[in-house]
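Student: Below are the sequence and a predicted model; questions follow.
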Amino acid sequence: MSLAATSTVRLGLGENRLQFTLLVIVNVCVGGLVGLERTTVPLIGARTFGLTSDLAVFSFIIAFGLTKALTNLAAGALTARYRRKQLLVAGWLLGVPVPFALAWAPSWGWIVAANVLLGVNQGLTWSMTVNMKIDLVGPARRGLATGLNEAAGYTAVGATALFTGYLATAHGLRPAPELIGVVFVAAGLALSLVVRDTAAHVALELAQHTQPPPTRQDTGLRATFAHTSWHDRSLRGASQAGLVNNLNDGLTWGVFPLLFTDHGLGIAAVGLIKGLYPILWGLGQIPTGHLADRIGRKPLIVTGMFVQAGGFVLALVLLSRPLAAGLLSAVALGLGTAMVYPALIASVSDHAHPSRRANALGTYRFWRDIGYAAGALVAGVLADSFGLNATVVAAAVLTAASGLLAAGWITERHVDGPR
């Protein structure tokens, strides 16, 4: 697209507030759809379908994580052939069957299959909303843009997890809690049809960028995957931190409902714990995203990983009082993740040229969301072999080690425009 074609386009949050706001609401729907599963689905596996193996129960998270990770990776490459809006709408269309399958699945295999569709839905819709917001605001406000995007999504995850816990207490594990997903799918699809594509904003930033673009070969998925995953130390540090961060989420997704119900809590109390974690994770990203633009990305990333490690320690130390243990660990995990999440995405954006940013973000999000599958797999194997408590200890150790790696590998990079 020529510079003349972008003459009426401006970068900035205020300049694009209507489109930005629409995309925020779309991501509320994205988060709400995945929030359906946070409280009830592990209990459906154990109670409704009689699964006795923790690994079998966590298989739906493995299916979700693998599919979402691969879709994130493909989404970056697909932006070279399709508009972001087209991919956003496609993601919603693929998500239409999910709430119905969760509500009335006749066997556990249907739940796993629904999570394959959910993974594709989340990979396309969440990837496109974050890319489109970054496109709109330009380089100087990436931290705030990603913070607002993730805040909208994860606050919706938490609110939905909390609400489904109370619905399950009043009406049973199925179908009432899952059918609120129909509202999220309908609203998300309708708004995605209205929102405008951001190709002109990408063209404008490319025209204004001070660094020369890499060669055509360097912007491809294969080269960008290698560059982001290993060659660039900062991108490597961000990728491993993202993986461990979502490993924590995948692990708590499966383990916490079983751990705390084993210690006497009811479904509503578990819903409160599972809701508080992503709500704090979501709302906390508004100030931490802004802070990442002010003080840099690395301090928030490293500190946030250690705060999360502390959250797992609290869960075990206070387990004799399970509600206090669950709530305090949820607070630490939520605040620690809020520090890490927008700073990691902004750091990847800082180190990636605009011409290959979509592939770099896709690669980072691939490694980050592989963490869901890794967390569920590690949790299932450790829980079956050593118990749920040992699984929580392993998560604390891995998270602290990831924080040390991030401290050694990630560097700050000044971006075009004032912080």
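Tutor: That came in fine, so what should we check first?
Student: could you pull out the strands for the stretch 101-250 of the chain?
Tutor: Assigned strands in the stretch 101-250 of the chain: none (criterion: DSSP state E, counting those that start in this stretch).
Student: Could you list the low-pLDDT ranges of it?
Tutor: Applying pLDDT under 70 to the stretch 101-250 of the chain flags the ranges 209-219.
Student: mind running it again at 90?
Tutor: Applying pLDDT under 90 to the stretch 101-250 of the chain flags residues 127, 130-131, 133-151, 154, 198-224, 250.
Student: Can you give me the neighbour number for the spatially closest residue to residue 53 that is not a sequence neighbour?
Tutor: Once flanking residues are discounted, residue 53 sits nearest to residue 384: 6.0 Å by CB to CB, 6 or more residues apart in numbering. For the C-beta atoms, the positions are set from N, CA and C on the backbone; glycine is no exception. Neighbours of residue 384 under the rule other CB atoms under 10 Å: 16.
Student: For the host helix or strand of residue 384, name the packing helices and strands.
Tutor: Using DSSP states H and E, the element containing residue 384 is helix 357-386. Under the contact criterion of 3 or more CB pairs under 8 Å, 6 or more residues apart in numbering; DSSP states H and E, helix 357-386 touches helix 54-57, helix 59-78, helix 108-137, helix 221-226, helix 233-262, helix 322-351, helix 388-409.
Student: These: which one's closest to residue 275?
Tutor: Nearest to residue 275, of all the helices and strands packed on helix 357-386, is helix 322-351, at 8.4 Å by CB to CB.
Student: If I take the closest one and helix 388-409, what angle do their directions form?
Tutor: For helix 322-351 against helix 388-409, the angle by axes from the mean of the first three to the mean of the last three CA atoms, to 10 degrees is 30 degrees.
Student: Now helix 322-351: buried residues?
Tutor: Neighbour counts using 16 or more other CB atoms under 10 Å place 322-323, 325-351 of helix 322-351 among the buried residues.
Student: Residue 368 contacts residue 240, correct?
Tutor: No: look at residue 368 against residue 240 with CB atoms under 8 Å: they stay out of range, at 9.6 Å.
Student: neighbour count winner among those two?
Tutor: Per other CB under 10 Å, whichever of residue 368 and residue 240 has more neighbours is residue 368, with 29 against 20.
Student: Once you drop chain neighbours, what's closest to that one?
Tutor: Once flanking residues are discounted, residue 368 sits nearest to residue 242: 3.2 Å by CB to CB, 6+ apart.
Student: Verify the contact between the one you found and residue 364 for me.
Tutor: Yes: applying CB under 8 Å, one finds residue 242 in contact with residue 364, separated by 6.0 Å.
Student: Could you tell me which residues touch both of these two?
Tutor: Jointly contacting residue 242 and residue 364 under the rule CB atoms under 8 Å, 6 or more residues apart in numbering are residue 344.
Student: how many neighbours does residue 107 have?
Tutor: Each residue near residue 107 was counted by other CB under 10 Å, and the total is 9.
Student: For it, grab phi and psi.
Tutor: phi -150, psi 170 (degrees, to the nearest 10).
Student: Excluding sequence neighbours, find me the nearest residue to it.
Tutor: Spatial nearest neighbour of residue 107, excluding adjacent residues (CB to CB, 6+ apart): residue 49 at 7.0 Å.
Student: burial count for that neighbour?
Tutor: By the criterion of other CB under 10 Å, residue 49 has 16 neighbours.
Student: tell me the contacts of the residue lying closest to residue 263 once chain neighbours are set aside?
Tutor: Spatial nearest neighbour of residue 263, chain neighbours left out: residue 322 (4.0 Å); criterion: CB to CB, 6+ apart. Contacts here follow CB under 8 Å, 6+ apart; on that basis residue 322 touches 260, 263, 264, 265.
Student: Of these, just the buried ones, PyMOL syntax please.
Tutor: Buried members of the contacts of residue 322, defined by 16+ other CB under 10 Å, are picked up in PyMOL with:
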select buried, resi 260+265
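Student: Need the max-distance pair from the contacts of residue 322.
Tutor: It's 260 and 264 that sit farthest apart of the contacts of residue 322, by CB to CB, at 8.1 Å.
Student: Verify the contact between residue 166 and residue 270 for me.
Tutor: No: between residue 166 and residue 270 there is no contact, the gap being 11.0 Å when judged by CB under 8 Å.
Student: neighbour-wise, which of these two wins?
Tutor: Each of residue 166 and residue 270 has its neighbours counted (other CB under 10 Å); residue 270 has more, 28 against 16.
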